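1. Just to be clear, the model below is a prediction. Sequence and coordinates:
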Amino acid sequence: MTFYGGDDRIGALNKTVSHNDTFNIGSMKVTCFETPCHTSGHICYLVEGEGADPAVFTGDTLFAAGCGRFFEGTAPQMYRALIEILSSLPDNTRVYCGHEYTAQNLKFAKHVEPDNPAVLAMIEEVAKKREAGEPTIPTTIGQEKTFNPFMRVKESGVQKFAGCSDPVEVMKVIRSAKDKFRG
């Protein structure tokens, strides 16, 4: 059995992949994206197959309405991962993250952009899903661009919250704020 990954610290790893490497699982094409920041060897996997919307498995890089902590990386690395790589995927790409922190992440998104209608609508949708015992994952790249503050660092509302306009600095400021957020 083959175990793909980008970090030799993964015990069962026997096939190291790099940015834009591809492999197949049956008829599905998998494209690898280096997205270091939460961990230095983090890889996201885009899976494409005939007749289905693409799906990206983001691990600890992109969460529904949030992103991973910068444990082994920097704001420029997370900016590249979220804005330059993942935001460029088709809007219908389904996002499967490593943890379901959606409700808590949306509280922070509302703290950052209290008047964002997409945030408010998603809070209602997530509450209904949780009440029904349903998962809040997947979202889509298109949805994340409307309510995830970490994918909205170029938007004036997020920049106002951060007190700066450079998108990489905004990423740094809002991640620091999220690390301290207890809402």
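-> Received it, and whenever you're ready, just let me know what you need. Numbering: from 1, shown residues only.
2. In PDB, list the C-alpha atoms belonging to stretch 30-49.
-> Taking C-alpha atoms only, stretch 30-49 is exported to PDB below (Å, rounded to 0.1, in the frame of the first residue of the first chain):
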ATOM      1  CA  VAL A  30      -5.100  13.800  -7.300                       C
ATOM      2  CA  THR A  31      -3.000  17.000  -7.400                       C
ATOM      3  CA  CYS A  32      -0.800  17.800  -4.400                       C
ATOM      4  CA  PHE A  33      -0.300  21.400  -3.100                       C
ATOM      5  CA  GLU A  34       2.500  22.300  -0.700                       C
ATOM      6  CA  THR A  35       0.800  24.400   2.000                       C
ATOM      7  CA  PRO A  36       3.300  24.700   4.800                       C
ATOM      8  CA  CYS A  37       2.400  26.900   7.800                       C
ATOM      9  CA  HIS A  38       0.500  24.800  10.400                       C
ATOM     10  CA  THR A  39       3.200  22.200   9.800                       C
ATOM     11  CA  SER A  40       6.300  22.600   7.600                       C
ATOM     12  CA  GLY A  41       5.400  19.600   5.400                       C
ATOM     13  CA  HIS A  42       1.700  20.100   5.000                       C
ATOM     14  CA  ILE A  43       0.100  19.000   1.800                       C
ATOM     15  CA  CYS A  44      -3.400  19.700   0.500                       C
ATOM     16  CA  TYR A  45      -4.900  17.200  -2.000                       C
ATOM     17  CA  LEU A  46      -7.200  18.200  -4.900                       C
ATOM     18  CA  VAL A  47      -9.200  15.200  -6.100                       C
ATOM     19  CA  GLU A  48     -10.900  15.300  -9.500                       C
ATOM     20  CA  GLY A  49     -13.100  12.700 -11.100                       C
END
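3. Let me see the backbone angles for G6.
-> phi -110, psi 10 (degrees, to the nearest 10).
4. swap in H99?
-> Dihedral pair for H99: phi -140, psi 150, per degrees, to the nearest 10.
5. Next, count neighbours for it.
-> Applying other C-beta atoms under 10 Å, we find 13 residues neighbouring H99. Quick note: C-beta positions are derived from backbone N, CA and C, even for glycine.
6. I83 versus the spatially closest residue to it that is not a sequence neighbour, what's the distance?
-> Nearest non-adjacent residue to H99, counting by C-beta to C-beta, 6 or more residues apart in numbering: F63, 6.4 Å away. Counting by C-beta to C-beta, to the nearest Å, the gap from F63 to I83 is 15 Å.
7. Same check on E48?
-> Counting by C-beta to C-beta - E48 and I83 are separated by 21 Å.
8. Quick one: neighbours of G26, just the number.
-> G26 has 6 nearby residues by other C-beta under 10 Å.
9. repeat for the one 3 residues further on
-> Look at K29: counted by other C-beta under 10 Å, it has 15 neighbours.
10. Mind listing what's buried along the helix or strand hosting it?
-> Assigned by DSSP states H and E, K29 belongs to strand 28-34. Burial within strand 28-34, assessed by neighbour count using 16 or more other C-beta atoms under 10 Å, is assigned to V30, T31, C32, F33, E34.
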